[in-house]
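S.K.: Can you look at this prediction? I've put the sequence above it.
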Amino acid sequence: MANLTTLGQFIIERQADFPYAKGELSRLLRDIGIAAKVVNREINKAGLADILGEVGTTNVQGETQKVLDVYANEQFIAALSAGGECALVVSEENEEIVILNKDVSKNAKYAVAIDPLDGSSNIDVNVAVGTTFSIFRRLSKEGEANINDILQKGTEQVAAGYIVYGSSTMLVYTTGCGVNGFTLDPSIGEFCLSHPDMKIPRTGHIYSVNEGNYVHFPEGVKKYIKYCQVEDESTNRPYTSRYIGSMVADLHRNLIKGGVYIYPTTAAAPKGKLRLVYECNPLAFIIEQAGGRATNGYQRILEIDVKEIHQRESIFIGSTDMVLKAEEFMAEYSPLEEAANSKTEEVH
Ligand SMILES: O=P(O)(O)OC[C@H]1O[C@](O)(COP(=O)(O)O)[C@@H](O)[C@@H]1O
Ligand SMILES: [Mg+2]
Ligand SMILES: [Mg+2]
């Protein structure tokens, strides 16, 4: 068998990368890997098992919860709880913070934010979906964990990553020392190092945005989309439009091939749609560590103050030159002007 490095081996080998390296963060990453395998098993046979469809409840975002949203949420929280290294979880599927069982994790040093199933609209149609995770060291040294342990800026993440459940299942993560990708080998049930030291190309020719919302986009975004569609060989334009509708999958493609993903403010989502704590921050950490850029069109995502656990933010993320170009167009309008613009556009 080729000389495989499993996720577990790699984490141990790279433990020295972590400040405070005493094995706790390694074990926490291991726990996330375990839950990912369990969720992957269900996703792979989703059509067979009664795991498609909705559970009939809505989450705090007002979205109907899919059976797999709830299943994945339970698996990640159970694995983090059993592992004992995580004291608190914030999840897209839970309105409040989840304090994990105090007996096991009262001395746990970490708090985790997750989007257990990203791209929920694609679950029932067999299109790639994902999971995101963001890990912080607790601020509260002793006693019960509390919300301040997770309301930290993205710059304070000690690790972050995602799992993409696509034609193969991959786990991609960073601890602030580069980005590494592991592919799940079902025959041995292990994530194996397949994409060491991932780097996003400085530029690319793929743009990912839901153009169905075009009329309600900020003028700066409309101008950038027009820029992407202009014929100009010297800059490799027109670019190709690719939008899977699962942020993790769109981002993973752009990480490998180069490209930009944009989810701006719209009339329907004046603050943006995606959630800062468990979607924007972990993916921004990954992309920055891979040499890319992530902003809200004006400000670095990782520097944005976190006030609420389900706070939304607009995001421009991917190849540095492409994000910078989009920002150039955004800079022509102030955020206030843009907010006004996205409201007024009439649809005939
Ligand atoms: O359908 P829209 O408005 O383009 O939104 C798609 C975006 O919303 C998301 O599905 C939001 O994530 P969830 O599925 O976890 O709620 C992203 O993955 C995706 O990029
Ligand atoms: Mg999501
Ligand atoms: Mg989700």
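M.R.: Arrived safely. Numbers count the residues shown, from 1 in each chain. Ligands and ions are numbered 1, 2, ... in the order given.
S.K.: Tell me which residues of stretch 303-320 come out buried.
M.R.: The neighbour-count check on stretch 303-320 (16 or more other CB atoms under 10 Å) flags 304, 306, 309-320 as buried. Glycine gets a C-beta too; all of them are placed from N, C-alpha and C.
S.K.: What is the end-to-end distance of it?
M.R.: 17 Å (CA to CA, to the nearest Å).
S.K.: same check, this time on stretch 14-24
M.R.: By CA to CA, one end of stretch 14-24 lies 13 Å from the other end.
S.K.: Ok, stretch 253-267 next?
M.R.: Using CA to CA, one end of stretch 253-267 lies 28 Å from the other.
S.K.: domain ranges for the protein?
M.R.: Following automatic domain parsing, one gets these domains for the chain: 7-195, 206-347.
S.K.: what's the average pLDDT for the last one?
M.R.: This points to domain 206-347. In this model, domain 206-347 carries a mean pLDDT of 93.
S.K.: Those residues of the stretch 151-300 of the chain touching ligand 1, which are they?
M.R.: Those residues of the stretch 151-300 of the chain that sit near ligand 1, judged by CB under 6 Å from any ligand atom, are Asn210, Gly245, Ser246, Met247, Lys273.
S.K.: tell me the contacts of the third one?
M.R.: By that I understand Ser246. Asp118, Gly119, Asn122, Val127, Ala128, Val129, Gly130 (CB atoms under 8 Å, 6 or more residues apart in numbering).
S.K.: for the last one, helix, strand, or coil?
M.R.: It refers to Gly130. Secondary structure state of Gly130, per DSSP: H, G, I helix; E, B strand; the rest coil, is strand.
S.K.: how close does it get to Asn210?
M.R.: Between Gly130 and Asn210 the distance, using CB to CB, to the nearest Å, works out to 17 Å.
S.K.: on that earlier part again, so which of the buried residues of stretch 303-320 comes closest to ligand 3?
M.R.: Of all the buried residues of stretch 303-320, the one with the least separation from ligand 3 (CB to the ion) is His310, at 11.4 Å.
S.K.: mind listing what that closest one touches?
M.R.: Taking CB under 8 Å, 6+ apart, we find His310 in contact with Val60, Gln61, Glu92, Glu95, Arg275, Val277.
S.K.: Just the buried residues of those.
M.R.: With neighbours counted by 16+ other CB under 10 Å, these contain buried members at Glu92, Arg275, Val277.
S.K.: any idea what sits nearest the last one, other than its immediate chain neighbours?
M.R.: By that I understand Val277. Ala113 (4.8 Å; CB to CB, 6 or more residues apart in numbering).
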